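# build me a model:
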Amino acid sequence: MKHFLSALALCAALAACKTNKQYNSAVDAANKSGQQSGQQTGYQSGYSAGNTDGQSSGYASGQTDGYNSGYATGNTDGYNSGYATGNTDGYANGTNDANAAHAGDYGNGFNAGVQTGYNLAGSVNGFINNFTSEFGGYGDQVAFVKFANGNPNYVVLTVSGAENYTAAFYIGDYVPGTEYWTSVNQSASAGNDTYWNLTDNGDGTYTCGGNCESYNGQYNTGMIFEKIQGATKDLSKARAFVEAASVEMTSNSLASQFGLSKERSVQVAKMAQAWNKLAGSRKVTDADADSFVQQLAGVSIQDMKNAETAMMQFGNQAPLNSVLDSAAKVNGTSSENMRAIMNQMFVFE
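Here you go, the predicted structure:
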């Protein structure tokens, strides 16, 4: 009996163990199933909620950043473009309004400037000094000298202009009114040469140094010219010779630069010489200047002023072309050459 009870207890224990094992297995299976189901459900739920929230948050942030960036760029571009267009239109409108409101002011100011802006006599002086000094006119320094062989019929002149030198000229047989180069040729043919590039020794003598050249092309060294007192008739002859030299040098430059004929260039050179004599005797006036321009161009200074006013104020070139054409006919040259001449006295651009 005792053994039967023990066996029965063992059986009960074994049955309980089996039941417990099945329980644990069921618990594990249910836990795993619940975990999987919960994970899947939680993932789906979390994904849906996170995706919704993330999309809303990202969209809002992106919209804000994009708008701000786009607004800033658009505002800058729009301002710059609008400013440029507005500035251009505003300037044009303002200019037109100002021109309309002050249409007469320009003309009044221009006319007043034309009337007072020119120093007419000074303009003529500047014009004459330009082509006479620049192109080889003779200065006022004249010294009577005795050649080494005792010949007293030489003068030493200081030449100024494009070239600067001191030269000795024979004037013993010079006839006033004779052209400069004609006299030099005649003297050289008679054995009385001309000598260039003398050295002023500062003691009343001039030396023909190493670069001293004669008209005949010979280089001479050691020649000495001594200053002497010239007679009145010699002084008069020397002045005539200087004037002839100045006229010829000036006329050659006028013919070369402005295309004037030989005859007309000599006439203009003599006009310039007469002006210089007048300026040396008294103060020249605007009336003197107008007379000079009339002789030079065949038109008055007022004609020139009117032509310039028409061109500068109204853009009308025709009156100026007419003035230049008239002056060109008087001088036997082109309108372009006359423009160059007039531009040395006035401004006709």
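
# mind listing what Ala318 touches?
Contacts for Ala318 (C-beta atoms under 8 Å, 6 or more residues apart in numbering) come out as Ala310. (C-beta placed from N, C-alpha, C; glycine too.)

# against which helices or strands is the helix or strand hosting Gln295 packed?
Element membership of Gln295, judged by DSSP states H and E, is helix 286-297. The contact analysis (3 or more C-beta pairs under 8 Å, 6 or more residues apart in numbering; DSSP states H and E) places helix 286-297 against helix 120-134, helix 262-281, helix 301-314, helix 318-331, helix 335-343.

# identify the residues contacting the nearest residue in space to Met223 that is not next to it in sequence.
Closest residue in space to Met223, ignoring its immediate chain neighbours: Cys208 at 3.6 Å, by C-beta to C-beta, 6 or more residues apart in numbering. When contacts are counted by C-beta under 8 Å, 6+ apart, Cys208 touches Tyr195, Asn197, Leu198, Thr199, Asn220, Thr221, Gly222, Met223, Ile224, Phe225.

# now tabulate those in CSV and tack on neighbour count.
Converted to CSV, the contacts of Cys208 look like this (neighbours: other C-beta atoms under 10 Å):
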residue, neighbour count
Tyr195, 23
Asn197, 14
Leu198, 24
Thr199, 14
Asn220, 14
Thr221, 10
Gly222, 10
Met223, 17
Ile224, 14
Phe225, 26
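
# in strands, which of those residues fall?
Counting by DSSP state E, the part of these found in strands is Tyr195, Asn197, Leu198, Thr199, Met223, Ile224, Phe225.

# tell me the one of those nearest Ile341?
Proximity of the ones in strands among the contacts of Cys208 to Ile341 (C-beta to C-beta) peaks at Asn197, which lies at 32.9 Å.

# doesn't Ala167 make contact with that closest one?
Yes - using C-beta atoms under 8 Å, Asn197 is in contact with Ala167, at 7.4 Å.

# out of the helices and strands packed on helix 286-297, the one nearest Ala255 is which?
helix 262-281 (4.2 Å).

# for that closest one, packing partners?
The contact analysis (3+ C-beta pairs under 8 Å, 6+ apart) places helix 262-281 against helix 120-134, helix 232-258, helix 286-297.

# same list (the ones you listed) but as CSV, adding distance to Gly172, mean neighbour count and mean pLDDT.
Shown next, in CSV, are those (distance: least, C-beta to C-beta, whole Å; neighbours: other C-beta atoms under 10 Å; pLDDT from 0 to 100):
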stretch, distance to Gly172, mean neighbour count, mean pLDDT
helix 120-134, 27, 18, 69
helix 232-258, 9, 18, 81
helix 286-297, 36, 18, 88
